[in-house]
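S.K.: Sequence first, predicted model second:
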Protein chains: 2
Amino acid sequence: MKLLDIGEVAELCGLPASTLRFYEEKGLIASVGRRGLRRLFDGEALDRLSLIALGRSAGFSLDEIGDMLGLDGPPRIDRARLAERADELDQTIRRLTALSKALRHAAECPAPSHMECPTFNRLRRAAVARGREARSPAKRAPSPRSGS
Amino acid sequence: MKLLDIGEVAELCGLPASTLRFYEEKGLIASVGRRGLRRLFDGEALDRLSLIALGRSAGFSLDEIGDMLGLDGPPRIDRARLAERADELDQTIRRLTALSKALRHAAECPAPSHMECPTFNRLRRAAVARGREARSPAKRAPSPRSGS
DNA sequence: ATACGACTTCAAGTCCACTTGAGGTCAACC
DNA sequence: GGTTGACCTCAAGTGGACTTGAAGTCGTAT
């Protein structure tokens, strides 16, 4: 299997090399060796990076992801936790759906102030209400680096 | 209209008083006056706080929300931006939906390693793919303060 | 009148996920 | 064999959104 330079991995996964070093330092990924000083990665690193991206976009912190993937080692995944997080995600999805509708309505509604519009207020309440019980932020996947 | 102490506002909106002071400092909310040193708020602050919560949960930064609500003043909302963000939210929703399915599948699938499961891999790709073009994180609504 | 506790200010600290900078190494190409 | 540019390490810095701490003020209940 072809071994990859950190720059190639960076290219393939869309993360800057500094982030890959940072992830390695945290034990989230591992290089299979070095050529001189340079790290060499194999396909497993790419798999793990894809799982990391998945976890990040599900709102897990890097530490949580580390727990789940097994810091250095084969992924061992806590199924109960995944199901729980899936439930939370479904909540979030419902909330964001209400939110999207509210935004779209606000963008079109001619009422002078949105606070006077019953439709907006209904959607607003729907969007915010569920947020109260959220556990931690669900971030989008890390954005690609700015350059290029 | 009844005027509210910062503690009462905090109680009503579920944010700590320190956050309300912080928001006031940023110009996101304003008190209508003071009783001695103490800030007094009216209903409008609650409305704005609810819009702030809405904006936060849509993934706007406090600065962006400040722009939209008009730092100190009546909300003047950029409709094009709202529609644009609604589109982005819809993207996020689709991604999170794939993600939720992937997590749920991972929680149930008996395959020894998820990386070997075609279903998981398909969902994984679907969940991660769209994340590449995301602009900024869509956070959940701010969590209620820890105590009580 | 006095004590209490909820408020006040301002500066500094925290957390997370990275990024940046300085100074150094070295594999590969000409 | 020399240059180059991608890599290396380690420490420190960044940004957003708050939180905490110290020291002080003051409305309200007893």
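M.R.: Looks like it came in fine.

S.K.: what's the spacing between the residue of chain A found nearest DNA strand C and residue B:64?
M.R.: In chain A, no residue comes nearer to DNA strand C than residue A:36, which is 1.8 Å away by CB to the nearest atom of the strand. Every C-beta, even on glycine, is put in place using the N, C-alpha and C of the backbone. According to CB to CB, to the nearest Å, residue A:36 stands 46 Å off from residue B:64.

S.K.: Equivalent analysis for residue A:61, please.
M.R.: Separation of residue A:61 from residue B:64 (CB to CB) stands at 24 Å.

S.K.: higher neighbour count, those two?
M.R.: residue B:64 (17 against 13; other CB atoms under 10 Å in any protein chain shown).

S.K.: Does the more buried one touch residue B:56 like I think?
M.R.: No - contact between residue B:64 and residue B:56 fails when scored by CB atoms under 8 Å: they sit 9.9 Å apart.

S.K.: Where does chain A get nearest to DNA strand D, which residue?
M.R.: residue A:7 (2.4 Å).

S.K.: In space, what's closest to residue A:79 - neighbours in sequence excluded?
M.R.: residue B:107 (4.3 Å; CB to CB, 6 or more residues apart in numbering or on different chains).

S.K.: How many residues are close by the one you found?
M.R.: Neighbours of residue B:107 under the rule other CB under 10 Å: 17.

S.K.: for chain A, what spans make up the helices?
M.R.: A:6-13, A:17-25, A:43-57, A:62-69, A:79-108, A:118-129 (DSSP state H).

S.K.: Turn the ones you listed into a markdown table, columns for distance to residue B:24 and mean pLDDT.
M.R.: Formatted as a markdown table, the helices of chain A follow (distance: least, CB to CB, whole Å; pLDDT from 0 to 100):
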| stretch | distance to residue B:24 | mean pLDDT |
| --- | --- | --- |
| helix A:6-13 | 42 | 96 |
| helix A:17-25 | 36 | 96 |
| helix A:43-57 | 33 | 90 |
| helix A:62-69 | 33 | 89 |
| helix A:79-108 | 24 | 85 |
| helix A:118-129 | 20 | 78 |
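
S.K.: Could you dump those helices into CSV and include distance to residue B:99?
M.R.: Listed next are the helices of chain A as CSV, based on distance: least, CB to CB, whole Å:
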stretch, distance to residue B:99
helix A:6-13, 18
helix A:17-25, 20
helix A:43-57, 6
helix A:62-69, 14
helix A:79-108, 6
helix A:118-129, 20
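
S.K.: Say whether DNA strand C is contacted by stretch A:41-61.
M.R.: Yes - applying CB under 7 Å from any atom of the strand, one finds stretch A:41-61 touching DNA strand C at A:56, A:61.

S.K.: sorry, back to before: and the residue of chain A closest to DNA strand C, how many neighbours?
M.R.: So residue A:36, with other CB under 10 Å, has 4 neighbours.

S.K.: Ok, residue A:2 next?
M.R.: Residue A:2 has 7 neighbours, counted by other CB under 10 Å.

S.K.: Return the distance of the most centrally placed residue in chain A relative to residue A:63.
M.R.: By CA atoms, centre = their mean, chain A has its centre lying nearest to residue A:57, at 1.8 Å. As defined by CB to CB, residue A:57 lies at a distance of 16 Å from residue A:63.

S.K.: mind checking the end-to-end distance for stretch A:106-113?
M.R.: One end of stretch A:106-113 sits 9 Å from the other (CA to CA, to the nearest Å).

S.K.: what's it in contact with?
M.R.: A:114, A:117, A:119, A:120, B:74, B:75, B:77, B:79, B:80, B:82, B:83, B:86 (CB atoms under 8 Å, 6 or more residues apart in numbering or on different chains).

S.K.: most remote residue from chain A's center?
M.R.: residue A:112 (37.3 Å).

S.K.: can I get the CA coordinates of stretch A:94-105 in CSV?
M.R.: Output in CSV follows, covering the C-alpha atoms of stretch A:94-105 (Å, rounded to 0.1, in the frame of the first residue of the first chain):
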residue,chain,number,x,y,z
ARG,A,94,-36.2,19.1,14.1
ARG,A,95,-35.2,22.3,15.7
LEU,A,96,-33.1,23.4,12.7
THR,A,97,-36.0,22.6,10.4
ALA,A,98,-38.3,24.9,12.4
LEU,A,99,-35.5,27.4,12.3
SER,A,100,-35.0,27.2,8.6
LYS,A,101,-38.7,27.8,8.1
ALA,A,102,-38.6,30.7,10.5
LEU,A,103,-35.7,32.3,8.6
ARG,A,104,-37.3,31.8,5.3
HIS,A,105,-40.5,33.2,6.5
